[in-house]
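Asks: no sequence for this one, just the structure:
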């Protein structure tokens, strides 16, 4: 057996008092696809950042192809043949594919003319040999997400990377784009490249990797050949206990129409149509799932429902809540008419990370009389409420030390947001956008349970999620959003039938969203 | 625990480093730094009059510090303390001159102080409005407003307000003048320390309550920390931006009462020069916390007056350098300690 492509020996990394990685030793075989899975906060990202030279380990050593190295920057990692595709792409939309790829590696003197033609043909030949179809002269702003990812991979291949790290590469892809990516990864493997795949989607690990390592609390708890493990083995290793991957979802009893979106058109400030004759209804006591790939009008729909659309956009059609118009109202007015919204980007939109848990649990609800006294807060009432919510939602935190919310894990933060929004007085409509994104499996289970509980209390729920599995297992009805309108709506009966063979049903939905 | 230690360590380290650097500078002038420091101390905190001088200077700096600290909570950088305090000073003096001399002190003082606050607040509000309405960067607009207010004040003084062939206005009515600590309780004799110090301390306390205890302050902090989340929570960020600038400006305006109503009893050219700018340093050193601000202002008040007391031995400019070095050290240390 040849030397490992990457060998980590006793890697530890400490942030403050927290060990993000603890004594990690791992061999990644050359020419393999090696998946690293783990819950959020298990230390996957830290580990890859150490391999990529973004962090230097507190202790331990790394060797690349048998040679001990100390990587102090990504640049040094690149010269060792290590490349990384980040979860958020690092591309400049105003430049062409070629310009983006050669950026930082122009291979011509500073003031000489760029050898663009040469670069274009070079890139074309790399692209062809790996089956990565993308037009080298296209502007990046014109590409789809899948194509952008291909550009990122090409960037690494252009720099002759031998070891490719991909961080959550499928998070933004459609099912067919994911298939395409897996083909690419396999062809890279055939060419002798080593792929390190960071993910929390267990299906993908099983589909594409040769070896899988599971991380928990900063340590590698198992490294196994993928062929010898099952999905529930992995899930057990990740959380250290049996988790229900299936949700207990009793039949719903829908009531009257609560949200009525009728023939809505939305044209953005640049004159592009983002929502196109969109109509759907959400009834009390049901979950209406919106399936779709990002960029098909989801964010515009959410902005519209929450009164955050740019005033220069042109909106036609009507949006009513229980018969009352919502269009043109601001978030405070919409919230007070009985709507809660859990936005997708939690840290940016739903909480103030520097605020304490108490301050966050009343955030957006701080005008309610129960929390107020004179011009300020009723501290005792807020504290009591916080305590109650934290118990009800099983938030793991140390209230006595009053930590800022940002120090909690993603799952615990989301539980706090969920508690706050579901518990809003007179709640009629709950809007959820990617409610379990960046949340660990243990918390996902609890969040799903709470969503179903809210449904059974007669709250109308609109669920927008890129996770098909989540949509299928929670929704009462599913609308497939494509290019700003519902292309196909699945009824409750169809969904019940579909849950029997989730994979096929997922493929069927997939056809209507691409 | 770690966080609070860090918050205390940075300013202390910065001050120590600045004092060490100033010691080197003093040695470069051929003097013994220990002798200078000893003299400086005995003539400031070591003497009744010196302490009064420091209290007097501290009072102005607390208020111009608040003028920076409050907008800082909504992530606005108010460089306009200079113009705002000047607007306050001219207004306070004018009101103090035109009031009938039989006005009772309580009313006269209230009217003068309030009008100074309104004038300063208006200048701040205008910068806030430019920001909200046109997206004008507040740093640029407040600097420009400093120039405008300066020119306007110069014009008003020269053409309308000044006693002929002087650069100051007539004296304000007696009842608008603030009593000295000397005359009420007999401390800090002959020093300009007056009861506006109490205004400043009250303003600090009120600002602290507003920022940390009221719903308004809660919303303001949210706007400063996470503006987009505040939007989602239905908080009107623009209103808070303007409010913070107006309150900041009003605090700077109030600083003028210390100088006009408490000390000079008239407005003269250059009376307020510099205190608005030092206020920026005061606020930075205190991490814009309204209560820490008192300690920070006290340090700067000490350096300012202490520099004057030893001016015969070393140029007082050395102590201006100490102030500047302190601020630079704070910025550097904050970055360095966050980064590690």
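Replies: Thanks, I have it. What you see is a predicted model, and the numbers here were worked out from it, not measured in a lab.

Asks: can you pull out the helices in the stretch 151-300 of chain A?
Replies: In the stretch 151-300 of chain A, the helices defined using DSSP state H, counting those that start in this stretch lie at A:175-190, A:202-208, A:231-239, A:298-305.

Asks: of all the ones you listed, which lies closest to residue A:442?
Replies: The minimum distance between residue A:442 and the helices of the stretch 151-300 of chain A falls on helix A:231-239, with 5.4 Å, by C-beta to C-beta. Bear in mind the C-beta positions are built from the backbone N, C-alpha and C, glycine included.

Asks: I'd like to know which of the helices of the stretch 151-300 of chain A has the weakest mean confidence.
Replies: The minimum mean pLDDT among the helices of the stretch 151-300 of chain A belongs to helix A:231-239 (a mean of 76).

Asks: what's next to it, contact-wise?
Replies: Contact with helix A:231-239 is made by A:37-39, A:42, A:202-203, A:205-206, A:212, A:214, A:216, A:221-222, A:242-243, A:245, A:440-442, as judged by C-beta atoms under 8 Å, 6 or more residues apart in numbering or on different chains.

Asks: what about that helix, distance to the chain center?
Replies: Helix A:231-239 has its C-alpha centroid displaced from the chain centroid by 20 Å (C-alpha atoms, centre = their mean, to the nearest Å).

Asks: What parts of the stretch 201-340 of chain B come near chain A?
Replies: Contact residues (C-beta under 8 Å from any C-beta of the partner chain) of the stretch 201-340 of chain B with chain A: B:209, B:213-216, B:218-219, B:221-222, B:225-226, B:228-236.

Asks: those strands in the stretch 1-150 of chain A, which residues are they?
Replies: According to DSSP state E, counting those that start in this stretch, the stretch 1-150 of chain A carries its strands in the segments A:6-15, A:18-28, A:33-38, A:59-64, A:67-69, A:82-85.

Asks: burial count for the closest residue to chain B within the stretch 101-250 of chain A?
Replies: Using C-beta to the nearest C-beta, the point where the stretch 101-250 of chain A gets nearest to chain B is residue A:218, with a distance of 19.9 Å. Using other C-beta atoms under 10 Å in any protein chain shown, residue A:218 has 23 other residues around it.

Asks: residues in contact with it?
Replies: A:19, A:20, A:21, A:22, A:24, A:42, A:43, A:46.

Asks: Check it and give its pLDDT.
Replies: 85.

Asks: That one and residue A:439: what is the separation?
Replies: 19 Å (C-beta to C-beta, to the nearest Å).

Asks: Below-threshold pLDDT in chain A: ranges please.
Replies: Low-confidence segments of chain A, defined by pLDDT under 70: A:1-3, A:16-18, A:40-41, A:239-246.

Asks: For the residue in it sticking out farthest from the centre, grab phi and psi.
Replies: If you look at how far each residue of chain A sits from its centre, by C-alpha atoms, centre = their mean, the farthest one is residue A:112, at 42.1 Å. Backbone torsions for residue A:112, taken as degrees, to the nearest 10, come to phi -80, psi 160.

Asks: Can you pull up the most central residue in the chain?
Replies: I went with chain A, as the question did not name one. Nearest to chain A centroid, counting by C-alpha atoms, centre = their mean: residue A:437, 4.6 Å.

Asks: right idea, wrong chain: chain B
Replies: residue B:64 (1.9 Å).

Asks: How is residue B:318 assigned, secondary-structure-wise?
Replies: helix (DSSP: H, G, I helix; E, B strand; the rest coil).
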